[in-house]
Every structure is written in C-alpha cells, then in structure tokens.
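Participant: Pasting the sequence and the predicted coordinates here, then a few questions.
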Amino acid sequence: MVDLKVNFLGKEFKNPVISASGTFGFGEEYEEIFEVEKLGGICSKGLTLHPKEGNEGIRIWETPMGLMNSIGLQNPGVKSFISREINIMKKYNTNIIVNLGGNTEKEYIQGMELLNESNIDIIELNISCPNVKQGGMAYGIKSGTAYDIVKKCCNISKKPLMVKLSPNAENIGDMAKACEAGGADALSLVNTFSGMAVDIYNKKPVFNNIYAGLSGPAVKPIALRMVHQARQNVKIPICGIGGISSGKDALEFIMVGASLIQIGTANFTKPDICLDIIKEIEEFLEKENIKDINDIVGII
Amino acid sequence: MKLDYCSIVENKKINEEIYEMTISYPDCEIKPGQFFMIKSLERSYLLPRPISVYDYDGKNIKFLCKIVGKGTELLGRLKINEKIQILGPLGNGFELNEINGKIALVAGGIGIAPLNYLVKKLKSKNIDSYLGFKDIVFCTETFKKCSKDLIITTENGSIGKKGYITDYAKWKAYDTIITCGPEVMMNKVIKKGKENHIKTYASLEKRMACGIGACLGCSVKTKDGIKRACKEGPIFLGEDLIIEEQTW
C-alpha cells in the first residue's frame, strides 16, 4: 500500500487531489456522479463580499486543448456562503478551501473577517482573477501591490492563507517571494492566462470584456515552469494548478514542487476525472515502489 | 442523471451538416426538452457537447447532431459500435401537463430536435407545427404525423413557403406556444407570445462547459435573476426571460 496522505498547513489531505475553484461549484453538482468525499479537498467557487451576477455575453469558448472563460466571479457572496453553501461542502468529509476575491482592499478584509468565524479549513486568496474590471488580477501583477494586500489579509486571517497567483504576474519568482514575505502560509498557482478570441464574422471580440482567462492542457507546460520557479524562490508549500488532466500531469507538478494539485478544466471533460487521477497517481507510486507521495515532492 | 459510456447503434447522415445518432440506452426516464452532454472518447478536444434528445423509445436514444465545429464533427464521424461518453439526462425538460389547449410548435433548423420528441409525447390532436429552414428541409415526418397543420418555410422558397417561419404563424389562434431554434427567431416568437398574452415556452441553446450547473457558463437573464440554462433550463417561460435587443 502506498501512502497518498499529505499534511498541508496542518490539515491532513487523504490524497493530493483537489477540485479547483470555479469548476466544481460547491460540490453538490458532482455528488450524483461520484463520491466527492474521495477528494483530498474541494475549493469553492470564487466568493466576493457581496453577491455578483457575473459577466454579460459569451462566457465560455473552447480553443485547441484550451478553454477560455469570462464568468466574472458570479457568486452568492460570503454571507450567503456562510449560511447556506458551506453546509453543502461540509457534507463531504473532506477539506474545505474557500476562494476569496475582491474589488477593493476593504472587500477582501471584510470577507476575511466573516470567514474567520466560519468552519472552513483554508482560505485561498484570489489575487488573480482576470475577469473582473477592478481588483482581482490587478493585485496579482506587481509584486509590491500583492505584498501589501497579502500582508493586510494575513494580519486579519485566523485561517491558514494560501495565495492564488496569476500567471500574468510580471515575474512569478518575485511574486512568490513577495507573497511569502507578506505572510502567506502557502501558494497556489496558476490561475488562468489572460487571452483573447475574435469572432471574425461579426468582426468583434468574442468576449464583452475583450480579454478572458485561458485554462486547460494548452497552458500546462507554462504552469509547470511557473510552479518550478516558485518552488526555487520560496519555502512555503505550493499547490500546483494548470491544465492537469491525468495522473502523469499531476505527478509532474508534484515532482517540481507542488505538495497538492488542483483539477479544473478537466472536470468538464470527464466529471469524475479526479478519481482517475488519484488512481493513476497511486498506480504509479506502486509500480515505482515509492511508499510515500511526500518523498517525490520537489525532487526536480 | 449519470455518467455513462455507450455504443453507437447507428450514425446516419441526414445531409451535409446533420447526423442522426442512435445509442442504446434502455430504461431511462427522459423528459422531452432534456439533453445529454456527449463526447467522443477522442482526447484531442476538451468539452462534451450538449445535445437534446430527438427521440427515445425506452431502448434507444436518438440525437440530431449539427456539425458546427471540431467536437460535433468528431461526433458525426463515429461508427457503429464505437463508444461515447454521455452524461444525462440533464435540464428541466418540458412539463407535459402545462402544455395544453391549441398548441403551436415553432422551430428553426436544428431546433426541431427537442420538439420532435415533444410532439410525439404530447399526444395532442391540437398541434400546429411551424418549421423554418435555411434551404435544406430535414426530419419533418413526425411533425407531419402528429400535427393538425404543418407549415414549412425555407429562406429562398425552394421548399415550402418563402421567408421566415415567424411570418406565417397565426399567433392569436393559440393557447400555448413552444419554440426552439436560432436566438433571433425565438426572441421574435417570445415577443409575439407576450403581445398576445399566450403562454410561451422557449428551449434555449447556450454554450456550456459542464452541463450540470457548476461552470456558470450558460447564464440566462431572467426576471428572478441569473439562471443556468443547463440546470433551471433549458426550458424557460418566455415572460420570465429578459431579452436584450440584438446589438449586431
């Protein structure tokens, strides 16, 4: 038997596979399809202090081995989450990670104060959403700006704080260092890549916001490089994200330094793909005679 | 609703862009208007495609697939006995007991697919079908059999009447209108339904990634806020929809 258990920020994860924010709702949509509690953790849809209706126009666009989205953080707001959606996530007997975004510093802080009193495991601080006009990714481009917001949030947070980085940061290594210096307990990376699509027949951008976030296997090699670079620059643990759609992909991220990994776009290709990935990781470890997954974290 | 893998029984080419795919899927409860997320096992593209049920006899499900891009092109190429991934049935579907009185079905192009299964299930003798096509007319047999009156249009008049189907409906004559097809057409039908105070149901088609309510890609603006076409829809009451004027 191989050991898939990972200790991350003082929490035990039964395996390193987590469903990524924005691709898994609050879990309930998937419970008819597979046993959600088999996941190492679930990351909530990105929340903001106040409810958001999201973006107008086309929100989803498939590209060669990629998916562009411009959902615009449609969510019920932190207050609704604490009274309603949290109970859905709590049913699954797995770690609950809450993704928190914001338009202003005040919104992040107020959201965090509310979450402090709730029964969740980790906050994933989203300074990387490319689909909102103010805030969001704006905090995740320059290291100095990121340091300020991370520091303020860390001073307030009673929960372990994992900062979700944007691949659109000016320099991913510097960004990782800045977040660590600001007090982040962990990093997750990467969020979606800012991209664009054009409707040539209507001679217009596909998305009302013009730019949208690209995810999926198309971005995996870049995401992997960024996780590797972050690993070289910080001591805090890392959760790897970006186009992972097989056990092999997951192991690549683990070997370059991710203790945990998140599955996003691949959930749409095959809604129970997380289970396949857990099984594939386990089979690899058995075949390679590796007793403990932690032994291969960051070996490259 | 479940995730499953099943074999193609038949994949019949109807015309250059439409295929009728039959899969074996016994003993499933499927309401007209519901759909499945369908994907070939080919791993060169990512998203399953939402395809509504065209017919179901308790054994085989039939889908009409229109080739619009790579995903649907691969579905069109599937051969007998090849496996596909299906997830469903999804969406709310039509409530048959709410569809009554004198009924008009107004469909455009591939929008005939969900209404084909509906017209069979309704078993009403009081249905008029209005089917609009661009130039090639397809799959009208069930409507012929199950409708009191059948009107077909093509844009150039090569078959049936010439022009748009919405120009031919005698709106005031109906108690219920059901529509599925291009957005511009449905918007017009919904508007006519509102003007004439007729209960109008529209089966919406939206881009979606998951089909189960998680991705929030298929949002629909309604009087009661943003809804998901895949979950609260795809069937909506016309009067509940907030329809914006076409900007292009």
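Facilitator: Here it is on my side, so go on.
Participant: and whatever residue of chain B ends up closest to chain A, what does it touch?
Facilitator: Nearest to chain A, among the residues of chain B, is B:Gly217, at 3.6 Å (Cβ to the nearest Cβ). All C-beta atoms are positioned from the backbone trio N, CA, C, and that covers glycine. By Cβ atoms under 8 Å, 6 or more residues apart in numbering or on different chains, the residues touching B:Gly217 are A:Arg59, A:Ile60, A:Asn69, A:Ile71, B:Lys206, B:Arg207, B:Met208, B:Ala209, B:Cys210.
Participant: count of residues packed around residue 90?
Facilitator: Since no chain was named, I'll use chain A. 15 (other Cβ atoms under 10 Å in any protein chain shown).
Participant: Actually, chain B is the one I wanted.
Facilitator: With other Cβ under 10 Å as criterion, B:Leu90 counts 21.
Participant: and whatever residue of chain A ends up closest to chain B, how far is that from B:Leu216?
Facilitator: Taking Cβ to the nearest Cβ, chain B has its nearest neighbour within chain A at A:Ile60, 3.6 Å off. Going from A:Ile60 to B:Leu216 by Cβ to Cβ, to the nearest Å gives 9 Å.
Participant: And for A:Cys43?
Facilitator: 15 Å.
Participant: neighbour-wise, which of those two wins?
Facilitator: A:Cys43 (31 against 27).
Participant: tell me the contacts of that one?
Facilitator: A:Ile18, A:Ser19, A:Ala20, A:Ser21, A:Phe24, A:Ile97, A:Val98, A:Asn99, A:Glu124, A:Gln262.
Participant: Neighbour count added to those residues, as a markdown table?
Facilitator: A markdown table is the format used below for those (neighbours: other Cβ atoms under 10 Å in any protein chain shown):
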| residue | neighbour count |
| --- | --- |
| A:Ile18 | 28 |
| A:Ser19 | 27 |
| A:Ala20 | 27 |
| A:Ser21 | 28 |
| A:Phe24 | 28 |
| A:Ile97 | 32 |
| A:Val98 | 30 |
| A:Asn99 | 25 |
| A:Glu124 | 26 |
| A:Gln262 | 29 |
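Participant: Quick one: the residues you listed as TSV, columns for secondary structure and pLDDT too.
Facilitator: Shown next, in TSV, are those (DSSP: H, G, I helix; E, B strand; the rest coil; pLDDT from 0 to 100):
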residue	secondary structure	pLDDT
A:Ile18	strand	98
A:Ser19	strand	98
A:Ala20	coil	98
A:Ser21	coil	97
A:Phe24	coil	97
A:Ile97	strand	98
A:Val98	strand	98
A:Asn99	strand	97
A:Glu124	strand	98
A:Gln262	strand	98
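Participant: If we check chain B, which of these are in contact?
Facilitator: Intersecting these with the surroundings of chain B, defined as Cβ under 8 Å from any Cβ of the partner chain, gives A:Phe24.
Participant: I'd like to know which of the contacts of A:Cys43 is nearest to B:Glu239.
Facilitator: A:Phe24 (33.3 Å; Cβ to Cβ).
Participant: Let me know the distance separating the closest one from A:Ile293.
Facilitator: 22 Å.
Participant: Next: A:Gly144.
Facilitator: 36 Å.
Participant: Would you mind measuring the gap between the ends of stretch A:276-296?
Facilitator: End-to-end distance for stretch A:276-296, by Cα to Cα, to the nearest Å: 20 Å.
Participant: Mind listing what's buried along that stretch?
Facilitator: The neighbour-count check on stretch A:276-296 (16 or more other Cβ atoms under 10 Å in any protein chain shown) flags A:Asp276, A:Ile277, A:Ile278, A:Glu280, A:Ile281, A:Glu282, A:Phe284, A:Leu285, A:Ile293, A:Asn294 as buried.
Participant: ok, now stretch B:159-169?
Facilitator: So for stretch B:159-169, counting by 16+ other Cβ under 10 Å, buried means B:Gly160, B:Tyr164, B:Ile165, B:Thr166, B:Ala169.
Participant: give me the element the residue lying closest to the fourth one once chain neighbours are set aside is part of.
Facilitator: What that stands for is B:Thr166. Of all residues not flanking B:Thr166 in the chain, B:Lys188 sits nearest, at 4.7 Å (Cβ to Cβ, 6 or more residues apart in numbering or on different chains). Assigned by DSSP states H and E, B:Lys188 belongs to helix B:183-195.
Participant: Export the following helix or strand past that helix to CSV, keeping only CA atoms.
Facilitator: Once helix B:183-195 ends, the next helix or strand along the chain (criterion: DSSP H and E) is strand B:199-203. Output in CSV follows, covering the C-alpha atoms of strand B:199-203 (Å, rounded to 0.1, in the frame of the first residue of the first chain):
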residue,chain,number,x,y,z
LYS,B,199,-48.1,31.1,-22.6
THR,B,200,-44.8,30.6,-24.5
TYR,B,201,-42.0,28.2,-23.6
ALA,B,202,-38.6,28.6,-25.2
SER,B,203,-35.9,25.9,-25.2
